[in-house]
Every structure is written in structure tokens, then in C-alpha cells.
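Chemist: need a structure here:
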Amino acid sequence: MEAIVYEEFGGPEVLRHTAGAAVPEPGPGEVRVKVAAVGVNPVDWKRRYGWVEEFYPTTFPAVPGLEFAGTVDRLGEGVTGLTVGDEVLGWTKTGAYAEYAIADIIVPKPAGLSWETAASLPVAGETAQRVLDLLGVRAGETLFLHGAAGVVGSVGVQLAVAAGVTVIGSASESNHAYLRELGAIPVAYGEGLADRVRAAAPDGVDAVFDAAGHGVLPVAIALLGGDGPDGVGAAKERIVTIADVEAEKYGIVFSGSLGDPDAVRAGLTAHARGAAAGTLAVRLADTLPLKEAARVQELSESGHVRGKLILVP
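Modeler: Residues are numbered from 1 along each chain as shown. As a prediction, the model looks like this:
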């Protein structure tokens, strides 16, 4: 089968396109899916560099990719409620940058939802919902979401706003109109960020969701009443990052692993239905063939792409 494979950690040059990869077989409780679209995420190239082994240990040869949309091709022993030919989306256990993938966390793809949009939902939706749940944000509170115009950030904005939360979102000025469309109050990145957030939220911020990193954790602590690494412990409990590997240094939670599978499925089902109904949107940047995976990961790593990058086998 067609696949992207790498056998050592490194830059995009370690990615190799092959048409001769072995087709995986599903085990008990698993299904094999013929992949129609693959969502590209920053964690894909972070794994390629070997930076997130604590959360996603690698066995070589490895196939990148966590999320996909496709058609059920074969059922493993004990699988019920699915039939060959069902259109689904979810997470792969064997890597999504491939013609076929093995999965055990999948949900039905609603009719009318494009393959590209379906493939963009699993990681962004689960990550955003997981962090909001960890923060415990509720109606009437104010959330500062750093990196609000990114794929995860923008989904987080929409979920929080729908729950009655006021969202202050940081982004480059070129994305401020987009954030207003999603219901957030935009502020610019850079020096003076804390002052701009305070001006946008004169009654204070209740929680911080860091989806971008770039050293914002001291700012987050200050916004919640702390004064740096030794700041108020209670403040740190309402800060979660998915992007800053120095989180432990500040006593902040770094969240990088999937939650309970049943909850993950329930959340993905709701997000897919919302996307099909037009109440949850993911901005798509570009769709490219699988053989261009190295270039697509370079684009993702550049940080200058607006929206979700999709690969198609």
C-alpha cells in the first residue's frame, strides 16, 4: 500500500514515500479503514523529531499521523455495530499517512460532511474539549485562549463561547476579524500582552488555555494573580498548555494524551454532528497528495498556515 514511513528521528528529509508498505491487519476490537483524508497536526512533526516520546512513544519503522476519515474495510474479531463500507472518522493506531490504517476509536461520519472536514475534527475537537474540561470553565467566566486562531484554538473558542464563556483570544492582527466571527474578543501577540488582556477583561480572567506556547506561561500566571514560577498555586490549577514543554518548570499542567475512549467517542460524535450542521467550523488551508507529506509538515512547522492541512492518499 501507499504510505509515508520514517526510520529515525530528524527533519522532513527522514520521511520516505513508498508504494510497497505492508497492509495492516485488524486485531480483536479493531477495524481496518481505507483512508480518504488525513489531518496534519503539529504533533506529527514533533513526533518525527522525537520531542514527545513521553506521550507518543515511537516504534520504527513509523508511519506519521493520528487522525483520519475513511471507509471501514475490514472488521477485527468482536467488533459490533459497524459494517464494511461504513464512512467513519477517528484516530489510528498504526499511522494515518497511509492508504490503510488500523483504528479502534472511531465514530460515524455524518452524511454531507466532507472527507477533509471530517479528518480535521478528531484531534482539534478532542484536544480543545479536554483542555476546557480540565480548566473547568463554565458560563459567566472569562477564558484567555493563547493561539486562538489556530485549528485547536479556534475550535476551543467555539466550544467555550457555546457554553456561555467569554473568550479573549490572542492572534496576529490579520486573524482578528476571524476571531470576532467566532465570538472571541481578539488581542495581539507580543510585548504588552498581559496589559491588552486586562484591558479586554477589566473584571479579570478566570482561566488560561495555552494553545501556542512561545513563553506565555509567566503571563498566564500573572493574569491569574501569580508572580512567576513561584506564584499562587491556585492560579496555576486553572492554566493548561498543549504547546509549552517547559510547563513542569512553572508547575503548569501539560495536556497531551487522549482522555477516556468512551468520552472521546461521545465528544467526536457531537463535534462531527456540529460540523455537519454548520455550528462548528474548522478552517481548511489546503489539501495535498500524500506523497507531499514532507513539504506539508514543513508548512505546518513554519507556523504561517491559516487553517488545517489535509493529505489525501
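
Chemist: tell me the contacts of the residue nearest to Ala235 when sequence neighbours are not counted?
Modeler: Once flanking residues are discounted, Ala235 sits nearest to Leu224: 3.5 Å by CB to CB, 6 or more residues apart in numbering. To be clear about C-beta, it is placed using only N, CA and C from the backbone, and glycine gets the same treatment. Applying CB atoms under 8 Å, 6 or more residues apart in numbering, one finds that Leu224 lies in contact with 205-208, 231-232, 235-236, 238-239.

Chemist: how far away is the residue nearest the centre of the chain from Gly307?
Modeler: Residue closest to the mean C-alpha point of the chain, counted by CA atoms, centre = their mean, is Ala124 at 3.2 Å. Per CB to CB, to the nearest Å, Ala124 is found 11 Å from Gly307.

Chemist: shared neighbours of those two, anything?
Modeler: Here Ala124 and Gly307 have 151, 282 as joint contacts, going by CB under 8 Å, 6+ apart.

Chemist: re earlier: now the contacts of Leu224: which count as buried?
Modeler: In terms of neighbour count (16 or more other CB atoms under 10 Å), the buried residues within those are 205-208, 231, 235-236, 238-239.

Chemist: which pair in these spans the largest distance?
Modeler: Asp206 and Gly231 (15.8 Å; CB to CB).

Chemist: Excluding chain neighbours, what is closest to Gly95?
Modeler: Nearest residue to Gly95, sequence neighbours excluded (CB to CB, 6+ apart): Val63, at 2.6 Å.

Chemist: How about the contacts made by that neighbour?
Modeler: 3-5, 21, 94-98, 101.

Chemist: do the same with Arg295
Modeler: 12, 288.

Chemist: Does it lie in a helix or a strand, and which?
Modeler: Secondary structure from DSSP states H and E places Arg295 in helix 293-302.

Chemist: List the buried residues of that helix.
Modeler: In terms of neighbour count (16+ other CB under 10 Å), helix 293-302 has its buried residues at 293-294, 296-297, 299-301.

Chemist: just stretch 164-174 next, same as before
Modeler: The neighbour-count check on stretch 164-174 (16+ other CB under 10 Å) flags 165-171 as buried.

Chemist: Contacts for it next, please.
Modeler: Against stretch 164-174 from outside (CB under 8 Å, 6+ apart): 137-149, 153, 156-157, 160-161, 178-179, 182-189, 193, 197, 200-201, 205, 212, 216.

Chemist: Inside strands: which ones of those?
Modeler: 142-146, 185-188 (DSSP state E).

Chemist: Would you convert those into CSV that also reports pLDDT and distance to Asp133?
Modeler: Listed next are those as CSV, based on pLDDT from 0 to 100; distance: CB to CB, whole Å:
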residue, pLDDT, distance to Asp133
Thr142, 98, 17
Leu143, 98, 13
Phe144, 98, 17
Leu145, 98, 15
His146, 97, 18
Ile185, 98, 22
Pro186, 98, 24
Val187, 98, 24
Ala188, 96, 28
